[in-house]
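**Q** Could you work out the structure for the sequence below:
(chains A and B)
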Amino acid sequence: MGDGERIMMSSEEIREDLLAGTNDAADRANIPVLTQDDLEPLFEIFAEPSKIVGVRAGEEVIVTDDAVATLFFLDQENCGQGLPMGRVQSILAYERACCADTISTGHTDYSFKQVKPIVNFEKQEYYNASMMTTAPFFYGSQPNMGLYFRPDGPYPNPADLLPSGKIKEALDAQEEAAAHLTKDLIYVSKQMYDVGCEGINFDTSASAGDADFFATLQAVSELKKETRHMAIEVGMSSEFVMGMHGDITFDGKRLAGMYPHEQVKVVEAAGADIFGPAINVVVSKSTPWNLARAVTFVKKCVAVANIPVHPNVGMGVCGVPMFEVPPIDAVTRTSKALVLIGKADGL
Amino acid sequence: MGGIRTAGDLVAWMQMSRRMKINEAKAYVAEKLGIDVIDLTNEEVMRQVREDLDIGIITSVAGSAKGIAAKWNIAELLDIQINSVNLFKEKLHL
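**A** Sure, this is the predicted structure:
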């Protein structure tokens, strides 16, 4: 299930949920449903008796992540292991013991606004580690525009203004916050570039809606003019860009309401190198339903993309159950389906 | 793909530096290594290839290139710019 519960389903029930899942995605985004040639192998992935499944030799893809290399020592109860080791040791263990294709680090409070005042510390850490790492090394953080509104930031909170009917004030606050966020994203990224940063990951973009997404796209566009040798990955926060503002455009396209196949085109136009769609998981629906839905979105997204697409497969996105210890049978089935049927370039 | 255990890092570099889709990136790396695409994830092949090219290996063989030295060799092998390597060269006044 979408919440991680293990259940038994008949073949008929699985087929019904696969069909219902793909229909749901197609209806929402006005994209094609999965064909019978897609649904049959998807069914077979679920029907495989092995707990862990995988693609055939030669079909493997690479993985990028959101500061997973630092989770060994982090003390966060929902993801860190709290091991008594340092950040650099954690990064090197991830590269050389877990054999990750790429590695990444980030600050414990994974937001650009929080990184800004301590960026010199982050630069030192990144620089020291980058002298020892061999695999591509990303620095990741979230744009997280919500932190720019009161009580956490300087701007009036649209969540307070909108219910009060103060529409103009809410729009102005978002535009001001977006401009501030763009400056911070560029500042931190340039600081990291100066110490040799190989890749920056704008993770969980658009979490505060279309203005948040706009700030990220603006920052990518500006950064690509000056930081040519630093890759930029843009990962999303959900399948749908919320229209908290509603009238913001980028590259002539309205951002509110965009689904992954539209998101990737503006991300591409901004100049990013890798795009990470995030498809929501409905916890009360089965994994076949959620995965068929995710593959439908991802397949269309990859089909129109000219840059590599790495669907997010953390807990609660793209078919992986919303549970802090995601069941490995669901995780591997999700990975296989997104690569085999969704044609993802990575995860 | 197995990171530096096989050729996962090399394929990743091509996605990052040239925006290559997965199959294009694999083909590019395989050609540079002089191997078949299917052997990019073949540990038995890649272990020796990585040692011969001195681009970083998974085991702790003393004297083999690691970190920035390995990345320097990777940048030349794949004909790409790696920011950390460029900075390191700058510090060496090269």
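**Q** The helix or strand harbouring residue B:70 vs chain A: in contact?
**A** Element membership for residue B:70, per DSSP states H and E: helix B:67-78. Yes - counting by Cβ under 8 Å from any Cβ of the partner chain, contacts between helix B:67-78 and chain A involve B:67, B:68, B:70, B:71, B:74. Any C-beta I mention is one placed from the backbone N, CA and C, and that applies to glycine too.
**Q** Wait, the first one touches residue A:129, no?
**A** Spelled out, that is residue B:67. No - in this structure, residue B:67 is not within contact of residue A:129 by Cβ atoms under 8 Å, at 9.1 Å.
**Q** what about the residue nearest to residue A:185 when sequence neighbours are not counted, which SS state?
**A** With Cβ to Cβ, 6 or more residues apart in numbering or on different chains as the criterion, residue A:185 has its nearest non-adjacent residue at 3.7 Å, and that residue is residue A:219. Following DSSP: H, G, I helix; E, B strand; the rest coil, the label given to residue A:219 is helix.
**Q** now swap in residue B:24 and tell me
**A** Going by three-state DSSP: residue B:24 is helix.
**Q** where does the closest residue to chain B within the stretch 201-347 of chain A land on pLDDT?
**A** Residue of the stretch 201-347 of chain A nearest chain B, by Cβ to the nearest Cβ: residue A:231 (3.5 Å). pLDDT, residue A:231: 98.
**Q** do residue A:75 as well
**A** In this model, residue A:75 is scored at 79, pLDDT.
**Q** Find the nearest non-adjacent residue to it, please.
**A** Closest residue in space to residue A:75, ignoring its immediate chain neighbours: residue A:82 at 4.7 Å, by Cβ to Cβ, 6+ apart.
**Q** now do residue A:277
**A** The spatially closest residue to residue A:277, leaving aside those adjacent along the chain, is residue A:260, at 3.8 Å (Cβ to Cβ, 6+ apart).
**Q** Look up how far residue A:311 lies from the one you found.
**A** 9 Å (Cβ to Cβ, to the nearest Å).
**Q** what's the overlap in contacts for those two?
**A** Listed as contacting both residue A:260 and residue A:311 by Cβ atoms under 8 Å, 6 or more residues apart in numbering or on different chains are A:277, A:279, A:298.
**Q** Now those in CSV, please, with extra columns for pLDDT.
**A** Putting those into CSV (pLDDT from 0 to 100) gives the following:
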residue, pLDDT
A:277, 98
A:279, 98
A:298, 98
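**Q** Which members of these are classed as buried?
**A** Buried members of the shared contacts of residue A:260 and residue A:311, scored by 16 or more other Cβ atoms under 10 Å in any protein chain shown, are A:277, A:279, A:298.
**Q** Redo those residues as TSV? Include distance to residue A:328 and secondary structure.
**A** Below are these laid out as TSV (distance: Cβ to Cβ, whole Å; DSSP: H, G, I helix; E, B strand; the rest coil):
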residue	distance to residue A:328	secondary structure
A:277	22	coil
A:279	20	coil
A:298	21	helix
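**Q** Redo these as TSV? Include distance to residue B:7.
**A** TSV is the format used below for these (distance: Cβ to Cβ, whole Å):
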residue	distance to residue B:7
A:277	26
A:279	29
A:298	24
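**Q** Flag every buried residue along the top helix by length along chain A.
**A** The single longest helix within chain A, with elements called by DSSP state H, is helix A:167-194. Neighbour counts over helix A:167-194 (16+ other Cβ under 10 Å) mark A:170-175, A:177-178, A:180-182, A:184-186, A:188-193 as buried.
**Q** next SSE after it?
**A** Next helix or strand after helix A:167-194 toward the C-terminus (DSSP H and E): strand A:199-205.
**Q** Rounded mean pLDDT for that following strand, please.
**A** 98.
**Q** Kindly report the same for stretch A:123-135.
**A** On average, stretch A:123-135 scores 98.
**Q** where does the spatially most central residue of chain A land in three-state SS?
**A** In chain A, the C-alpha nearest the mean C-alpha coordinate belongs to residue A:235, at 3.4 Å (Cα atoms, centre = their mean). Recorded secondary structure, residue A:235: strand (three-state DSSP).
**Q** And for it, nearest residue in space, chain neighbours not counted?
**A** In this structure, residue A:235 finds its nearest non-sequential neighbour in residue A:276, 3.4 Å apart by Cβ to Cβ, 6+ apart.
**Q** The one you found and residue A:69, how far apart?
**A** On the measure of Cβ to Cβ, residue A:276 and residue A:69 end up 17 Å apart.
**Q** Tell me which residues of stretch A:121-136 come out buried.
**A** The neighbour-count criterion (16+ other Cβ under 10 Å) identifies A:122-123, A:125-127, A:129-136 as the buried residues of stretch A:121-136.
**Q** Rebuild those as CSV, extending it with secondary structure and distance to chain B.
**A** Output for the buried residues of stretch A:121-136, formatted as CSV (DSSP: H, G, I helix; E, B strand; the rest coil; distance: Cβ to the nearest Cβ, whole Å):
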residue, secondary structure, distance to chain B
A:122, helix, 15
A:123, helix, 12
A:125, helix, 14
A:126, helix, 9
A:127, helix, 8
A:129, helix, 9
A:130, helix, 5
A:131, coil, 5
A:132, coil, 4
A:133, coil, 6
A:134, coil, 4
A:135, coil, 4
A:136, coil, 5
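**Q** Export those residues as TSV, with columns for distance to residue A:240.
**A** TSV is the format used below for the buried residues of stretch A:121-136 (distance: Cβ to Cβ, whole Å):
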residue	distance to residue A:240
A:122	32
A:123	35
A:125	35
A:126	33
A:127	38
A:129	36
A:130	36
A:131	41
A:132	40
A:133	36
A:134	38
A:135	33
A:136	30
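**Q** For the helix holding residue B:70, name the packing helices and strands.
**A** Judged by 3 or more Cβ pairs under 8 Å, 6 or more residues apart in numbering or on different chains; DSSP states H and E, the packing partners of helix B:67-78 are helix B:8-18, helix B:22-33, helix B:83-91.
**Q** can you list contacts of that helix?
**A** With contact meaning Cβ under 8 Å, 6+ apart, helix B:67-78 is reached by A:130-134, B:9-10, B:13-14, B:17, B:28-29, B:32-33, B:53-56, B:65, B:80-82, B:84-85, B:88-89.
**Q** Filter these down to the buried ones.
**A** The buried subset of the contacts of helix B:67-78 - by 16+ other Cβ under 10 Å - is A:130-134, B:9-10, B:13-14, B:17, B:28-29, B:32-33, B:53-56, B:65, B:80, B:82, B:84-85, B:88.
**Q** Tell me, how many residues neighbour the residue nearest to residue A:75?
**A** 12 (other Cβ atoms under 10 Å in any protein chain shown).
**Q** likewise residue A:244?
**A** 22.
**Q** Name the helix or strand for it, please.
**A** Applying DSSP H and E, one finds residue A:244 in no helix or strand.
**Q** interface residues of chain B facing chain A?
**A** B:1-6, B:8-9, B:11-13, B:15-17, B:19-22, B:25, B:37-38, B:41-42, B:55-56, B:58, B:66-68, B:70-71, B:74, B:81-88.
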